[in-house]
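Peer 1: sharing a model that was predicted from the sequence below.
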Amino acid sequence: MATVEVTGLQKRYQDFLALDGVSLKAKTGQLISLLGPSGCGKSTTLRCLAGFLEPNGGDILVDGESIVSTPANRRGFGVVFQDYALFPHMTVAENVGYGLRLKRLPKGEIATRVYDVMKLVRLDGLDRRLPKEISGGQQQRVALARALVLQPRLLLLDEPLANLDARLRDEVRWLIRDVQQQSGITAFYVTHDQSEAMAMSDMVAVMKAGRVAQFATPREIYQKPTERYVADFTGEANFLPVSQVTGTGEGSYRIVVAGTDLEVTGVPDIPIGWDAELLLRPESLSLVAPDAGTFRGRVTKSAFLGAALHCEITLDDGDVLRLAADPNEQVSAEGKVGVAIDRSHAWLMPKVAP
Ligand SMILES: Nc1ncnc2c1ncn2[C@@H]1O[C@H](COP(=O)(O)OP(=O)(O)O)[C@@H](O)[C@H]1O
Ligand SMILES: [Mg+2]
């Protein structure tokens, strides 16, 4: 149980600044994802939290106290990595109880705590197996149990599912979230998978080149991204160029897009003259009759994908929109269509945050 506050964290590898002022906060019991492409500084941030790396600047406060000069083994955090490195010659139960034996706890207490945590991660009955005698998903749950049994103040997970196949990944993902919520433990979770971050987290930090581009709830980063980078990384997106942007109040704008006047909401305080564009997620668009809707265009591609008909619409002014239409929609190649937009999901944002 802990609150965490990371402020202005910097980490330099030789002359390369891998973290350039990372700031984020976790309330007690929250799961915070660090999301971003390879090389953006997720693992470096997590390693600074764990105490495996010493930051060159900034601070990390846990329950209000700086921990940057506390050695890793005194922080009382649990860490789970992608390669879980179980001891091959120890049974599952011995692996889970390892940290407690190091602490020289009484045998009876070790047995009880190992039993309880193995039940929590649904490994009961496998105590006497060796790591090589259980599946990859079960091995990863042993690694999780090994961290949890020490009742850490903070749980740190770095791409823990990366070595699992898709089906197992799903299963272990839900288990981690269940266990984290049941135990009320604050957790940081590194992933480059946007759906994983969205599904599991209370808050997501979208990282970009050693900085946090946006720190917000999954809903906010998806529906109200602060810039194109965030929108692109968090799901399918259409970006339409806009002109004649006029602010009409806190986060409200009048714009011209694809030759049409629109009133939309967006990122507050986009500077006048700054390059902005309109975000339209595919599910906020629907096909309507050619003379109805907000835009007019023609169908330039369509693909039946079972649950949806994916269409590419080239608008009269040349802009292109991709949308997911009803699978039973009848469209003909080059057929004229109208596109209606759900205005509550149209979002004006700067191409690059000012
Ligand atoms: N030990 C190191 N020495 C030099 N550069 C490193 C080292 N570790 C990581 N980096 C660089 O720092 C950047 C961030 O790395 P990392 O935090 O591992 O990214 P991520 O986990 O987001 O993929 C990358 O450009 C990486 O090449
Ligand atoms: Mg990494």
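Peer 2: Yep, it's here. Ligands and ions are numbered 1, 2, ... in the order given.
Peer 1: residues in contact with the residue nearest to Arg343 when sequence neighbours are not counted?
Peer 2: With C-beta to C-beta, 6 or more residues apart in numbering as the criterion, Arg343 has its nearest non-adjacent residue at 6.6 Å, and that residue is Val264. No exception for glycine: its C-beta is placed from N, CA and C like everyone else's. Val264 makes contact with Ser252, Tyr253, Ile255, Leu278, Arg343, Ala346, Trp347, Leu348 under the criterion C-beta atoms under 8 Å, 6 or more residues apart in numbering.
Peer 1: try it again with 6 Å
Peer 2: Tyr253, Ala346, Leu348 (C-beta atoms under 6 Å, 6 or more residues apart in numbering).
Peer 1: looking at this, the last one is in a strand?
Peer 2: Yes: counting by DSSP: H, G, I helix; E, B strand; the rest coil, Leu348 is located in a strand.
Peer 1: tell me how far the residue nearest to Arg343 lies from Val245.
Peer 2: For Val264, the distance to Val245 equals 10 Å [C-beta to C-beta, to the nearest Å].
Peer 1: number of residues surrounding Arg101?
Peer 2: Arg101: 12 surrounding residues under other C-beta atoms under 10 Å.
Peer 1: which SSE is it in?
Peer 2: Element membership for Arg101 (DSSP states H and E) is helix 92-102.
Peer 1: so which elements touch that helix?
Peer 2: Here helix 92-102 touches helix 107-120, helix 136-148, going by 3 or more C-beta pairs under 6 Å, 6 or more residues apart in numbering; DSSP states H and E.
Peer 1: how far off helix 136-148 does the first one point, in degrees?
Peer 2: Following axes from the mean of the first three to the mean of the last three C-alpha atoms, to 10 degrees, one obtains 130 degrees for the angle between helix 107-120 and helix 136-148.
Peer 1: and the angle for helix 107-120 with helix 92-102?
Peer 2: If you take the same axes, to 10 degrees, helix 107-120 sits at 130 degrees to helix 92-102.
Peer 1: overlap of the contact sets of Val264 and Val245?
Peer 2: Joint contacts of Val264 and Val245 (C-beta under 6 Å, 6+ apart) are Tyr253.
Peer 1: so who does the residue nearest the centre of the chain touch?
Peer 2: Taking C-alpha atoms, centre = their mean, the centroid of the chain lies closest to Ala197, which sits 2.8 Å from it. Going by C-beta under 6 Å, 6+ apart, Ala197 touches Ser33, Leu35, Thr191, Val204.
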